[in-house]
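Enquirer: take this sequence and fold it.
(2 chains, ligands or ions: 2)
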Amino acid sequence: MVFGPIPNREYHEGFMRKAIEMAEMALASDETPVGCVFVHNGEVIGRGINGTNASLNGTRHAEFVALAEIMAKHPSSILKETDLYVTVEPCIMCASALRQYRIHAVYFGCLNDRFGGCGGVMTVHSDQGVDPTYPVYGGLFREEAIMLLRKFYVQENNKAPDPKPKKNRELKTEILPVSTPNMLTPAAMPTVEVAKLNLGKPAKSG
Amino acid sequence: MEQVRSFTAKVFAHFPFPPLLRHVFHFQLHLLAAFNRARHAIMGLPIDSKAASLSGEARKRQMLHLKTKEECRLGNETIQVWTVELPSKHAEGILKVIKDNVEHQDAIDLQHLRRFAKPKYLPQHVLGRRDLVKEMYLVPQAWEASAPTVMQMPDATWEWSTASKMRTNNRPPTLYLMVCPSETISLRDLHDLMLQHPPFCSSPDSWAYPLEIKEITVPRLAPTSPDQAKNWSDMYWPTFYRKTNPFGAHPTTIEKAETDLQTPLEDNISVEQALELADYAGSLTEKEGFGICTGCAIVERVDDKTEIIAVAGDARRKPLPSEIGVDALNDNDDANDTSITDSQDGTNVPISANERTKARREKRKKKKAAEKAANEAETSGCTSGNVMSHAVMRAIGMVGRKRLRVASQPISAESNFAAAGLEHNEEARDAFFLDLPVNPLEQQYFEKDNLKPDGYLCLKLEIFLTHEPCMMCSMALVHSRVGRVIFKHRMPKTGGLTAETVSNDTGPVGLGYGLCWRKELNWQFTCWEYNAAGKRAAGDGTADDNKHLNLLPSCDNANVGKLSFNSIHV
Ligand SMILES: [Zn+2]
Ligand SMILES: [Zn+2]
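Expert: Ligands and ions are numbered 1, 2, ... in the order given. Predicted structure coming up:
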């Protein structure tokens, strides 16, 4: 997959940095290190970390945790003018929820090759459907997002009662580059990086 | 018989009245189970009540197993193969020649097809297929240079395309050998290879058996049912049904599930009862002004015994904290607690008239707030309400809450969140996720500690739904590792489970996501559409979709308002 250019990249990186910080918190509390922030008019209105382990609820993803914070204070219609910054591409479930809530745009770090709903596995954000589509931009702090996930899997394997052989639990630091026209230090997780999707270009028409 | 009928009538007559039902519903389930047993005892006798349609073949067809994405995509794929006719006594010899000499002859799994077939079992068009060897010699000069052109004219008529005149009348029995996919070896190479071996090489027999090579079409993939195998045998080539399915659940898994659900053991809940419960849950939250008329019931089956784990109705219109304020929200929660009438040991305690009035007042208050919120939502352009409160999401959430409660070691739901230094408002969070009961029916099932401790998410639980869930909810079921899902009504414009997109009879039937069984995802589950009236065929289209609202007990179209129900995410 080619991550397209993101206009005003530095601005968005600032918020993605905050999302990465959230993911680091998740890692520190033994949750899959995915973090996110929702931004409205330049202001963070919701933050979330993955919470599936603590809640024993497999649907308690970072995006939903953040939405709960938002909805405590704002009507759901605020999401129409709100952008999401999340370290890992939203899964199919979250991608659909975001569309139903009419999210303005989604910025993510790395692709989610297992469950991704915005290009990694499916394209829920742009498929034909009853709700308006939303644009997605990938590749912001991609390496950092991937490294967090790798740290987590190494950490989990070491905790398992029967840890896998040592070579499997060493932290791999080499990240494969991906063909990207505008990025000098892109990185690839061993993902199915679907080539046919142009994630850089807003899918939204109007 | 008359008794049976009036009993059924009575049971269904109760459904529209929540206050009555609150106390009798569980009892009814038991009665229905008893009724089921009685029905089995008298099976074979005609019963023309609603339950009668449950007997025999009609029952079978009520649970329509959903096709998987791959079944839809690949089910009718075919492949071209070479075939030669040869005397039976040379069959094994030639097969060995093929196996020894044709590289990758078995690279494509065609185990579902007979390797040898008697001519009498082959479709007429296979027997009459033109012989390509003859064509090779028909244009001997062109052959060397442009053989492919000759062979790529499937519609051309050939002078000698009818059966060979060279064959004698008293030939020994012959067989057709399915050699291999025609992409594996060229016609020329196969021809040359065959001519090196008896009976096709120069031998006393060879004149009687001139080499004929035909290219025929066969099903690429194994059939997934006996019917399909029979069909393909008639159309293409003798085909086996091996009771396996590489593109979906194993047929015996599906059969077992259908038996469990349609002929439940004593005291177990049946698919019909579970769906009635889901219906009822949806009709309740709708009446209370919390949501649309869709519902979900979750059942655990351990050692062949069923337990109802969670029941939830849609509550997308229940006001968010931001809409009525967190304080008001707390009031509502308190009121909700007092309206809960079931005591801890599970027996029902009648509520006093006073409490009832209070509860009604609260309900009115809540309904007003809900309407206000719904109106605001509608005017602000967001008509879908609180997406998180779809019935499936709520029910899954309740299972998680229950797991926290019955865990052998205490787990604090938000410990990690707090540990990460994030402040959070539990009331607001609960009001958003609505993974706690909102009415006595939901409470009745929520408060029972009937879930096996220390289980994982919704692993292998059974999910009963009034409607096909949206993509969000469908993927939530995947994330939660559920076992079986049964829904009543398809949602062709918003549903995430159906893999088919178009039906020959009715046109569009779904979006084609087929999330219940996708190889790309790390979890698959079996899924059925339940055909209650025995009328709705699989793949019933959009035309019918508003009708079902009238079929649901105590469901009311009004709340759906201006929206077409078709376009709603369930
Ligand atoms: Zn997600
Ligand atoms: Zn849903």
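Enquirer: burial check on residue B:305, number of neighbours?
Expert: 11 (other C-beta atoms under 10 Å in any protein chain shown). For the C-beta atoms, the positions are set from N, CA and C on the backbone; glycine is no exception.
Enquirer: and it, how close does it get to residue A:159?
Expert: Distance, residue B:305 to residue A:159, using C-beta to C-beta, to the nearest Å: 34 Å.
Enquirer: can you show me the helices along chain A?
Expert: Per DSSP state H, chain A carries helices over the ranges A:9-28, A:52-55, A:62-73, A:92-100, A:142-159, A:166-169.
Enquirer: closest one to ligand 1 among the ones you listed?
Expert: helix A:92-100 (3.2 Å; C-beta to the ion).
Enquirer: and residue B:231, that's in a strand?
Expert: No - counting by DSSP: H, G, I helix; E, B strand; the rest coil, residue B:231 is not part of a strand but helix.
Enquirer: the nearest residue to it once chain neighbours are set aside in helix, strand or coil?
Expert: Counting by C-beta to C-beta, 6 or more residues apart in numbering or on different chains, the nearest residue to residue B:231 once its immediate chain neighbours are dropped is residue B:223, at 7.9 Å. Under the three-state scheme (three-state DSSP), residue B:223 adopts coil.
Enquirer: would you mind pulling the contact partners of the helix or strand containing residue B:84?
Expert: Assigned by DSSP states H and E, residue B:84 falls within strand B:78-87. Strand B:78-87 has contacts (C-beta atoms under 8 Å, 6 or more residues apart in numbering or on different chains) with B:94, B:108, B:110, B:119, B:126, B:171-183, B:185, B:187, B:190, B:194, B:199-200, B:205, B:209, B:211-220, B:236.
Enquirer: let's see it at 7 Å
Expert: B:94, B:108, B:172, B:174-182, B:190, B:194, B:199, B:209, B:211-220 (C-beta atoms under 7 Å, 6 or more residues apart in numbering or on different chains).
Enquirer: tell me who's in contact with residue B:516.
Expert: Neighbour list for residue B:516: B:66, B:485, B:497, B:524-525, B:527 [criterion: C-beta under 7 Å, 6+ apart].
Enquirer: pLDDT score for residue 40?
Expert: I went with chain A, as the question did not name one. The model reports residue A:40 with a pLDDT of 98.
Enquirer: hmm, I had chain B in mind actually
Expert: In this prediction residue B:40 is given a pLDDT of 42.
Enquirer: quick one: low-confidence ranges for the stretch 1-150 of chain B?
Expert: B:1-61, B:138-150 (pLDDT under 70).
Enquirer: nearest to chain A: which residue in the stretch 51-200 of chain B?
Expert: The stretch 51-200 of chain B approaches chain A most closely through residue B:69 (11.1 Å), counting by C-beta to the nearest C-beta.
Enquirer: thinking that residue is in contact with residue B:518, fair?
Expert: Yes - under the contact definition of C-beta atoms under 7 Å, residue B:69 touches residue B:518, with a separation of 5.9 Å.
Enquirer: more crowded one of the two?
Expert: residue B:69 (22 against 19).
Enquirer: now a ChimeraX select for only the buried ones of the contacts of strand B:78-87.
Expert: To isolate the buried subset of the contacts of strand B:78-87 in ChimeraX, counting by 16 or more other C-beta atoms under 10 Å in any protein chain shown, use the following:
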select /B:94,174,175,176,177,178,179,180,181,182,190,194,199,209,211,212,213,214,215,216,218,219,220
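Enquirer: just the ones of the contacts of strand B:78-87 in strands?
Expert: B:174-181, B:213-219 (DSSP state E).
Enquirer: let me know the closest of the residues you listed to residue B:253.
Expert: Nearest to residue B:253 out of the ones in strands among the contacts of strand B:78-87 is residue B:219 (C-beta to C-beta; 22.7 Å).
Enquirer: number of residues surrounding the nearest residue to that closest one once chain neighbours are set aside?
Expert: Using C-beta to C-beta, 6+ apart and skipping residues adjacent in sequence, the residue nearest residue B:219 is residue B:232, 4.9 Å away. Using other C-beta under 10 Å, residue B:232 is surrounded by 22 other residues.
Enquirer: hang on, residue B:290 packs against residue B:315?
Expert: Yes - at 4.1 Å, residue B:290 counts as touching residue B:315 under the criterion of C-beta under 7 Å.
Enquirer: which parts of stretch A:75-87 are buried?
Expert: So stretch A:75-87, judged by 16+ other C-beta under 10 Å, has buried residues A:75-80, A:82-87.
Enquirer: now swap in stretch B:509-523 and tell me
Expert: Within stretch B:509-523, the residues scored as buried using 16+ other C-beta under 10 Å are B:509-518, B:521, B:523.
Enquirer: residue B:235 - how many residues pack around it?
Expert: 15.
Enquirer: is it in contact with residue B:123, as I believe?
Expert: Yes - between residue B:235 and residue B:123 there is a contact at 6.4 Å, judged by C-beta under 7 Å.
Enquirer: what sits against residue A:34?
Expert: A:23, A:26, A:50, A:62, A:86-88.
Enquirer: out of the residues you listed, which is nearest to chain B?
Expert: residue A:26 (6.9 Å).
Enquirer: quick check: that closest one vs ligand 2, distance?
Expert: Residue A:26 sits 25 Å away from ligand 2, taking C-beta to the ion, to the nearest Å as the criterion.
Enquirer: contact partners for residue 173?
Expert: I went with chain A, as the question did not name one. If you count contacts by C-beta under 7 Å, 6+ apart, residue A:173 has none.
Enquirer: could you do chain B instead?
Expert: If you count contacts by C-beta under 7 Å, 6+ apart, residue B:173 has them with residue B:88.
Enquirer: what pLDDT does it get?
Expert: Reported pLDDT for residue B:173: 87.
Enquirer: look up phi and psi at it.
Expert: phi -60, psi 140 (degrees, to the nearest 10).
Enquirer: before we move on, the earlier item: drop anything exposed from the contacts of residue B:516.
Expert: B:66, B:485, B:497, B:524-525, B:527.
Enquirer: from these, which single one is nearest ligand 2?
Expert: Taking the buried ones among the contacts of residue B:516 together and measuring to ligand 2 by C-beta to the ion, the closest member is residue B:497, at 11.0 Å.
Enquirer: and the closest one, how far is that from residue B:190?
Expert: Counting by C-beta to C-beta, the gap from residue B:497 to residue B:190 is 46 Å.
Enquirer: next one: residue B:86
Expert: To residue B:190, residue B:86 is 13 Å away according to C-beta to C-beta.
Enquirer: also residue A:66?
Expert: Residue A:66 is 64 Å from residue B:190, by C-beta to C-beta.
Enquirer: same question for residue B:491.
Expert: For residue B:491, the distance to residue B:190 (C-beta to C-beta) stands at 52 Å.
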